[in-house]
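Student: Got a sequence here, can you build the structure:
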Amino acid sequence: MSTSAQASRLYRRYLSAVLLHGHASAKACGLGATDLYALNILELAGSMTPGELGARAGLTTGPTTRLIDRLEQAGYVRRTADPGDRRKVIVESVGTPARLDEVMAPARERIGEILRGYTTEQQEVLLDYFGRAADAYEHAADPRPDDG
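Tutor: Sure thing, here's the model as predicted:
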């Protein structure tokens, strides 16, 4: 197997493991994977309209409404009026599942151990890679056309 094929296979295995961990973490907290993903989106990007949340989560209008309803009922988000346009609704995070840190702690601790095994320069390269890779994936998934 070529180095390129090995790298591709290892990377696919890594992504599958991350997704599996996300699903298991959500289930352990009594959530669906999309629910936990939406909470992560809100935590990272801040409050947004239901349409923006749906687009980022890859959902159409109906499933987005049901998602927000579930998260609101569970006490994790709330809908508020947009201060700039009272006709618009904004979804904002107001909490996270109580068990989330507990459920994710073992993997986070192990990843921390792995990262501490690298030199400062190697850690900088890894962080640069993950930042650039995240940008590339977000750009590729963005349904809006490029402006440039």
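Student: Spell out, range by range, the strands that occur in the chain.
Tutor: 77-82, 85-93 (DSSP state E).
Student: Can you list the neighbours in contact with the shortest one?
Tutor: Contact with strand 77-82 is made by 39, 42, 47, 49-50, 68, 71-72, 88-94, as judged by C-beta atoms under 8 Å, 6 or more residues apart in numbering. Any C-beta I mention is one placed from the backbone N, CA and C, and that applies to glycine too.
Student: quick one: strands adjacent to it?
Tutor: For strand 77-82, the paired strands and their directions (DSSP bridges) read strand 85-93 (antiparallel).
Student: The partner strand: which residues count as buried?
Tutor: Ile90, Val91, Ser93 (16 or more other C-beta atoms under 10 Å).
Student: now the closest residue to the last one other than its chain neighbours: how far from Arg12?
Tutor: Which is Ser93. Sequence neighbours aside, Leu42 is the residue nearest to Ser93 in space, at 4.1 Å (criterion: C-beta to C-beta, 6 or more residues apart in numbering). Separation of Leu42 from Arg12 (C-beta to C-beta, to the nearest Å) stands at 28 Å.
Student: more crowded one of these two?
Tutor: Each of Leu42 and Arg12 has its neighbours counted (other C-beta atoms under 10 Å); Leu42 has more, 22 against 10.
Student: what about stretch 101-108, average pLDDT?
Tutor: Per-residue pLDDT over stretch 101-108 has a mean of 92.
Student: Would you pull up how far that stretch lies from the middle of the chain?
Tutor: A distance of 16 Å separates the centroid of the chain from that of stretch 101-108, by C-alpha atoms, centre = their mean, to the nearest Å.
Student: Over to stretch 65-72?
Tutor: That offset, for stretch 65-72, works out to 17 Å (C-alpha atoms, centre = their mean).
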